[in-house]
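S.K.: Got a predicted structure here, sequence first:
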Amino acid sequence: MSDYLLTVGLEVHVELKTRTKMFCDSKNDTDENRPNINICPVCLGYPGTLPVINKEAVRKVLMVGKAVGGTIADYTEFDRKNYFYPDIPKGYQISQYKHPLVSGGTLAGVKLTRIHLEEDTARSQHVGESSLVDYNRAGVPLMELVTEPVIHSAEEAGTFAKELQLLMRTLGAGDANMEKGEMRVEANISVSKDGSLGTKVEVKNLNSFRSVERAIAYEIVRQSQLLDGGGAVVQETRGWDEQKQITFSQRKKESSHDYRYFPDPDL
């Protein structure tokens with residue numbers, strides 16, 4: 001396994017600390033335990049409703065962009081990311097694709113690709129054979145930060161996540177409590193022997209610094225043993241089982257064209 005070079009790129013979602021949601025005036029309150037209280041026709045995707053941009057959420061992303069030395073956009077737009085799932089009532093998520101608010105920058109010695117703004121999804125809960133959806137979180141302002149694939153150890157990935165949490169709290173942009181889902185890490189992991197990028201596997205929704213490091217460490221072993229045995233790594237999305245301390249296959253990895261991005265005509 002020491003013959004393999006690990007390469008990791010991180011995608012980190014952080015809920016922003018604002019009074020209201022991203023495109024409506026429903027309350028942004030992560031401490032609300034009662035389901036479906038902070039909701040309105042806009043964040044529930046009712047026909048005929050129109051979104052309005054939360055200026056404070058934009059300001060907080062720009063603060064983070066300046067803090068990491070990124071380039072602030074002179075033109076930006078919101079896009080529709082189309083996919084069907086119960087946690088997005090509109091049938092699409094409002095995000096940013098070609099024109100993010102921030103490009104470049106560095107944090108903890110790691111080069112950044114972009115920082116953009118989008119709306120969070122609802123929270124799904126599975127009880128027995130039933131699935132329940134709580135829309136309190138739907139529409140909450142969500143900052144997504146994407147790094148370059150320049151991380152080469154599990155410890156470096158964990159350190160980066162800790163530095164980002166510290167930055168968000170220092171700026172007052174977000175509390176970034178991982179145990180409350182306010183900060184969620186996804187790791188794109190590959191190994192190779194020749195220094196090139198191997199086949200990428202994405203491990204989603206890592207909700208602690210320890211999980212980030214352990215999931216990456218597990219994938220190094222899994223992918224290396226697979227390649228040494230003459231197999232091939234499949235590009236896919238995997239989850240992390242905290243109890244078993246293993247990753248598990250969830251679905252085939254989507255590409256950007258699968259989401260049919262286009263500029264949101266209402267914004």
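M.R.: In hand now; what should we look at?

S.K.: and the longest helix for this protein?
M.R.: helix 209-228 (DSSP state H).

S.K.: Need the CA coordinates for it. CSV is fine.
M.R.: The C-alpha trace of helix 209-228 is given here as CSV (Å, rounded to 0.1, in the frame of the first residue of the first chain):
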residue,chain,number,x,y,z
PHE,A,209,-13.4,15.1,11.9
ARG,A,210,-12.7,11.5,13.0
SER,A,211,-15.1,10.1,10.3
VAL,A,212,-13.3,12.1,7.6
GLU,A,213,-9.9,10.7,8.5
ARG,A,214,-11.1,7.1,9.1
ALA,A,215,-13.2,7.0,5.9
ILE,A,216,-10.1,8.1,3.9
ALA,A,217,-7.9,5.7,5.6
TYR,A,218,-10.3,2.9,4.9
GLU,A,219,-10.6,3.8,1.2
ILE,A,220,-6.8,3.7,0.9
VAL,A,221,-6.7,0.1,2.0
ARG,A,222,-9.8,-0.9,0.1
GLN,A,223,-8.8,0.6,-3.3
SER,A,224,-5.1,-0.5,-2.9
GLN,A,225,-6.1,-4.1,-2.2
LEU,A,226,-8.6,-4.1,-5.1
LEU,A,227,-5.9,-2.9,-7.5
ASP,A,228,-3.3,-5.3,-6.2
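
S.K.: who touches that helix?
M.R.: The contact list for helix 209-228 (CB atoms under 8 Å, 6 or more residues apart in numbering) reads 1, 4, 6, 8, 154-155, 157-158, 161-162, 178, 185, 187, 189-191, 198, 201, 203, 206, 232-233, 238, 240, 242, 245-247. Bear in mind the C-beta positions are built from the backbone N, C-alpha and C, glycine included.

S.K.: just checking, what packs against the helix or strand that it is followed by?
M.R.: Proceeding N to C from helix 209-228, the next assigned helix or strand is strand 236-241, under DSSP states H and E. Based on contacts counted as 3 or more CB pairs under 8 Å, 6 or more residues apart in numbering; DSSP states H and E, the elements that strand 236-241 packs against are strand 201-206, helix 209-228, strand 246-252.

S.K.: Quick check on the contacts of helix 209-228: which are buried?
M.R.: Among those, those classed as buried by 16 or more other CB atoms under 10 Å are 4, 6, 8, 154, 157-158, 161, 178, 185, 187, 189-191, 198, 201, 203, 206, 233, 238, 240, 247.

S.K.: that older thread, return the member of the helices and strands packed on strand 236-241 having the minimum mean pLDDT.
M.R.: Of all these, strand 246-252 carries the lowest average pLDDT, namely a mean of 88.

S.K.: among the helices and strands packed on strand 236-241, which is nearest A67?
M.R.: helix 209-228 (20.4 Å; CB to CB).

S.K.: Brilliant, that's me finished.
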